[in-house]
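Sharing a model that was predicted from the sequence below.
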Amino acid sequence: MTATNRINIRINQRGQNPLLSVFFTAGFPALGDTLPIAEALAAAGVDMLEIGMPYSDPIADGPVIQHSSEVALRNGMTMELLFAQLADLRPKINIPVLLMGYYNPVFQYGLERFVRQCQAVGIDGLIIPDLPPQVYERHFANLFEEAGLANIFLICPQTSDERIRYIDSLSRGFIYAVSSASITGGSGPITDTQTAYFERLNGFKLRSPHVIGFGISDATFFQQATKYAAGAIVGTAFINLLNSHPQHYQDHIGSFVQSLKEQAIPN
Amino acid sequence: MSTLSESTLIDAEGYYGTFGGAFVPEMLYANIVELQACYLSIMAEPSFEAELEILLRDFVGRPTPLFEAKRLSARHGYQVLLKREDLCHTGAHKVNNTVGQILLAKRLGKRKIVAETGAGQHGVATATVCALMGMDCIVYMGEVDMARQQPNVDRMRMMGAKVVPATSGSKTLKDATNEAMRHWINHPADTHYIIGSAVGPHPYPDMVARFQSIISSECQRQLIAQFGLEHPDAVLACVGGGSNAAGAFYHYLSDERVMLFGAEAAGLGVETGHTAATLNLGTNGVLHGAMSKIIQTADGQVIEPYSISAGLDYPGIGPMHAYLHEIERVVYIPVTDQQALDAGFELSRLEGIIPALETAHALALLPTLDLPHGSTIIVCLSGRGDKDLMTYTKYLDQYTQSAN
Ligand SMILES: Cc1ncc(COP(=O)(O)O)c(C=O)c1O
């Protein structure tokens, strides 16, 4: 089974239930927490994981994710170490797993080497917000396609119709719909502008399903957003949970995931 | 070395060779594309040119003098000409860019301005034009820089700007830039981001270089009118992000008779780990939206820079300079804190001009160059040193004693 399929299959098999994807930063709160957190989330019933590759200058992130990256880097997280930790990812975890981060660390690591490592450890897709679609298309699309890796592109309320169609044509897996004009870490409740934007997205009949992220801070917002999408992504709210229980997060992940899932209305 | 002209320097997608481009998250794409599409046509509009010219003359005080520094010349054995950007309103070249960008922002229908600042000179220049145009102004400034450039913080506030401390990372220019970009992501519709140097995603490096290019176009005219010279033998400028250097070099880039030298801040020394000498230490990478040289770890994490000068304390550099370095059109020389202080006190003593610490780095090149005796050298005197008095004062005793 190729990696892209793992994302597609999960999305297709979600049935009536919206997909819940959770973001967390590798190497946070402690260096060795990456895989234990991934396992706990998978065991709690999360549908997809996004593991953040920490970067010193995360311009699209708010204070909470910035802080988690700073701590992870101070803990000694590196790309090399992350791939070493992820060597045990499969078959322990069966849900799709994506890496999310900024272009510069990936560029330094070397794109070909990076893609090969992703393939080796069973990563399904990548989210690199500051890698422009045009650069991806020109230089990396073939590399990713051959490796069966899905590159996930962001769209946001200002993205033009024409560009949404272009991004859809390049997309594999899903499209990441940023919930509003903002960095990460915002919060609900959902506004009329957002509802209009989500409805506009649904009007396109895109090839790829879209998943909503940024600002999904609680169960209510998750429930509202997933009325308009295949699923939603929770990041800052989960990092906040880790901040509250840096030692004993294992005791809280189950109920955190449950609270999001239970209140979600099947769509 | 290849020949350069305006048209071969940068391509349609904003690349200088392999450097430049626009590596921005989707949330900034619409704003960046709008700027890319219209910056050249707006700048070429007769009404824009006319308005800019009047502001540069009557508000900024241009043209700035090209002053023959006779005692400094005698000391170094060259004919040293100082391009007096320190005499611009607000005390540095930064205002050449902010005047241009605020007129552009108005034509784009923006009502609010966000900016980052290091030394505070760009923040002051931005606050100034915002007051002039009646626009809201938010300036992000590293907490460390707010402390070492306190007078500039007060000036910005006095003109109605809101100064917000950047408290992440090294709490200096890089972090202030991160915060300004985040602010712009959060307020894309009504806000224009006035970047303070020739850095950032395309079209900023080119746009800022064009607004600053008035420095070298005036030099060309003044050199002929005052000294009967067609060209200087060399031009010297300090390089933080690279805007005053871009402006001072711009119209000489294709003139191979003119040697160009950039002074980078070496801090305590290039090899000490406390430095901001990007071109001498940096490797290719993406920071603040452009592919350029950055000081970073092998793992792609940006290293926090150090320089005595807040305006040069930046781990990146504009993509145009990365390219000019690569093709060896410009020679970039690291200058330590100590060399800069020596040069700053020397100019004060010999010419009665206290230069900004940034500018002092350019002056510090004079004793290191090996040019023929009597060569004509233009130094871009990018700013005045009032804002740095607190730092200079720490060394005052040392220099007064050594002078006696
Ligand atoms: C007086 C002065 N010169 C030079 C610089 C460095 O910037 P740039 O390299 O963009 O000219 C600054 C930055 O704050 C400055 O204030």
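Right, received. Where do you want to start? Quick caveat, the model's predicted, so the values are computed rather than measured. Numbers count the residues shown, from 1 in each chain, chains lettered A, B, ... in the order given.

ok, residue B:106 - how many residues close by?
16 (other CB atoms under 10 Å in any protein chain shown). Backbone N, C-alpha and C define where each C-beta goes, glycine included.

tell me which element it is part of?
helix B:94-107 (DSSP states H and E).

Who are the packing partners of that helix?
Packing contacts for helix B:94-107, counted by 3 or more CB pairs under 8 Å, 6 or more residues apart in numbering or on different chains; DSSP states H and E, involve helix B:26-44, helix B:46-55, strand B:112-117, helix B:121-133, strand B:191-193, helix B:204-212, helix B:243-249.

could you redo the last one with a cut-off of 10 Å?
Under the contact criterion of 3 or more CB pairs under 10 Å, 6 or more residues apart in numbering or on different chains; DSSP states H and E, helix B:94-107 touches helix B:26-44, helix B:46-55, strand B:112-117, helix B:121-133, strand B:191-193, helix B:204-212, helix B:214-227, helix B:243-249.

chain center to it: distance?
15 Å (CA atoms, centre = their mean, to the nearest Å).

follow-up on the earlier one: adding distance to residue A:229, write the helices and strands packed on helix B:94-107 out as TSV.
Output for those, formatted as TSV (distance: least, CB to CB, whole Å):
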stretch	distance to residue A:229
helix B:26-44	16
helix B:46-55	44
strand B:112-117	31
helix B:121-133	40
strand B:191-193	28
helix B:204-212	34
helix B:214-227	50
helix B:243-249	43
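
And these: which comes nearest chain A?
helix B:26-44 (3.9 Å; CB to the nearest CB).

Residues in a beta bridge with residue B:260, which ones?
residue B:235, residue B:330 (DSSP bridges).

Just list the residues touching it, thanks.
Residues near residue B:260 by CB atoms under 10 Å, 6 or more residues apart in numbering or on different chains: B:232, B:234-237, B:245, B:248-249, B:252-253, B:324, B:329-332.

Top of those by number of neighbours, please.
residue B:245 (36 neighbours).

how about it, what does it touch?
So residue B:245 contacts B:93, B:197-198, B:209, B:212, B:215, B:235-239, B:260-264, B:317-318, B:320-321, B:324, B:330, B:332, B:362, B:380, B:382 (CB under 10 Å, 6+ apart).

Repeat that for residue B:282.
Residue B:282 neighbours (CB under 10 Å, 6+ apart): B:264, B:276, B:292-296, B:303, B:315-317, B:322, B:325.

Chain neighbours aside, what residue packs nearest to it?
residue B:293 (3.4 Å; CB to CB, 6 or more residues apart in numbering or on different chains).

How far does the helix or strand harbouring the one you found sit from its chain's centre?
Residue B:293 belongs to strand B:290-294 when elements are defined using DSSP H and E. How far strand B:290-294 lies from its chain's middle: 16 Å, per CA atoms, centre = their mean.

ditto for stretch A:117-126
On CA atoms, centre = their mean, the centre of stretch A:117-126 falls 14 Å from the chain's centre.

what about the residue in the stretch 151-267 of chain A that the ligand sits nearest to, distance to residue B:284?
Closest to the ligand within the stretch 151-267 of chain A is residue A:183: 25.7 Å, counting by CB to the nearest ligand atom. Taking CB to CB, to the nearest Å as the measure, residue A:183 falls 26 Å from residue B:284.

Which one of those two is surrounded by more residues?
The neighbour comparison of residue A:183 against residue B:284 (other CB under 10 Å) goes to residue A:183, with 25 against 16.

Give me the contact list for the helix or strand encompassing residue B:153.
Applying DSSP H and E as the criterion places residue B:153 in helix B:150-158. Residues outside helix B:150-158 that contact it (CB under 10 Å, 6+ apart): B:90-91, B:115, B:117-128, B:130-131, B:137, B:139, B:141, B:145-147, B:149, B:161-163, B:165, B:310, B:386-390.

Flag every buried residue along that helix.
Judged by neighbour count using 16 or more other CB atoms under 10 Å in any protein chain shown, the buried positions of helix B:150-158 are B:152, B:153, B:155, B:156.

Selection in PyMOL covering whichever of the contacts of helix B:150-158 are buried, please.
In PyMOL, this line selects whichever of these come out buried by 16+ other CB under 10 Å:
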select buried, chain B and resi 90+91+115+117+118+119+120+121+122+123+124+125+126+127+128+130+137+139+141+145+146+149+161+163+165+310+387+388
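
of the contacts of helix B:150-158, list those near chain A.
Among the contacts of helix B:150-158, no residue is within reach of chain A (CB under 10 Å from any CB of the partner chain).

Show me the shaky parts of chain B.
Scanning chain B for pLDDT under 70 picks out B:1-7, B:402-404.

Show me the domain layout of it.
B:10-58+B:94-208, B:62-91+B:212-403 (automatic domain parsing).

Tell me where the stretch 1-150 of chain A has helices.
A:3-12, A:34-43, A:63-75, A:79-86, A:89-92, A:103-109, A:111-121, A:133-135, A:141-147 (DSSP state H, counting those that start in this stretch).

least reliable of those helices going by mean pLDDT?
Lowest mean pLDDT within the helices of the stretch 1-150 of chain A: helix A:3-12, a mean of 83.

rewinding a little: can I get the buried residues of helix B:150-158 in a markdown table with distance to residue A:69?
Formatted as a markdown table, the buried residues of helix B:150-158 follow (distance: CB to CB, whole Å):
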| residue | distance to residue A:69 |
| --- | --- |
| B:152 | 30 |
| B:153 | 28 |
| B:155 | 34 |
| B:156 | 30 |
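
Report the two of the residues you listed separated the most.
Taking CB to CB as the measure, the buried residues of helix B:150-158 span a maximum distance of 7.4 Å, between B:153 and B:155.

Can you tell me who residue A:234 pairs with across the strands?
Under the criterion used (DSSP bridges), residue A:234 bridges to residue A:22.

Now do the contacts for residue A:173.
So residue A:173 contacts A:3-8, A:10-11, A:48, A:96, A:98, A:124-127, A:149-153, A:208-209, A:211 (CB under 10 Å, 6+ apart).

Please apply the same query to residue A:218.
A:187, A:188, A:189, A:234, A:237, A:259, A:260, A:263.

would you list these in JSON lines and tack on neighbour count, distance to the ligand and secondary structure?
Converted to JSON lines, those look like this (neighbours: other CB atoms under 10 Å in any protein chain shown; distance: CB to the nearest ligand atom, whole Å; DSSP: H, G, I helix; E, B strand; the rest coil):
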{"residue": "A:187", "neighbour count": "11", "distance to the ligand": "36", "secondary structure": "coil"}
{"residue": "A:188", "neighbour count": "17", "distance to the ligand": "40", "secondary structure": "coil"}
{"residue": "A:189", "neighbour count": "10", "distance to the ligand": "42", "secondary structure": "coil"}
{"residue": "A:234", "neighbour count": "26", "distance to the ligand": "41", "secondary structure": "strand"}
{"residue": "A:237", "neighbour count": "21", "distance to the ligand": "39", "secondary structure": "helix"}
{"residue": "A:259", "neighbour count": "13", "distance to the ligand": "49", "secondary structure": "helix"}
{"residue": "A:260", "neighbour count": "27", "distance to the ligand": "47", "secondary structure": "helix"}
{"residue": "A:263", "neighbour count": "12", "distance to the ligand": "51", "secondary structure": "helix"}
